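Predicted model, plus sequence, below.
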Amino acid sequence: MDSVDRTDSSDSTARADDTTDARTETAGGSDVAPAKLGGRAWRDIFLYGLARLILFIVLTVIIQFIAVALGMGKSFPLAISALLALIIAFPLSMFVFKGLRGRVNEEIAVWDAGRQRHKEQMRRQLEDRLD
């Protein structure tokens, strides 16, 4: 009998929380969905892109320097060095910048979850208005 009382009280608490959340969402609460990514998220996205670009440029310079050092400077164009650096930089950046990439993914996942909640809320409101 004691376990039934706990279940009933937890169900009523959950229902009370749901109605509070619904009131907050319909009243234009701030926890519905972030309209934009935060400043920290944009900074991390910018840093990750910049780090990948710098890695690409450094690899291009290294590959071209090696070609020139081996005496193939005239027959080994810069475009080939850049293409080879691009192929190498893709997988390498995933390992080298793993922490930064993880932070960017988490921040975008939080933003996307908020966007999905907002989308579902709008869908529910539209269904309520049409019924």
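Happy to help now that I have it.

packing partners for the lengthiest helix in the chain?
Scanning the chain for the helix with the most residues, using DSSP state H, yields helix 98-130. Counting by 3 or more CB pairs under 8 Å, 6 or more residues apart in numbering; DSSP states H and E, the packing neighbours recorded for helix 98-130 are helix 2-26, helix 39-69. All C-beta spots, glycine's among them, are computed from the backbone N, C-alpha and C.

Give me the buried positions along the last one.
So the one you mean is helix 39-69. Of the residues in helix 39-69, those buried by neighbour count under the rule 16 or more other CB atoms under 10 Å are Ala41, Asp44, Ile45, Tyr48, Arg52, Leu55, Phe56, Leu59, Thr60, Ile63, Gln64, Ala67.

out of these, who's nearest Leu100?
Tyr48 (5.0 Å; CB to CB).

Tell me which residue lies nearest the centroid of this protein.
Averaging the C-alpha coordinates of the chain gives a centre point, and the residue nearest to it by CA atoms, centre = their mean is Ile108 (2.6 Å).

All good on my end, thank you.
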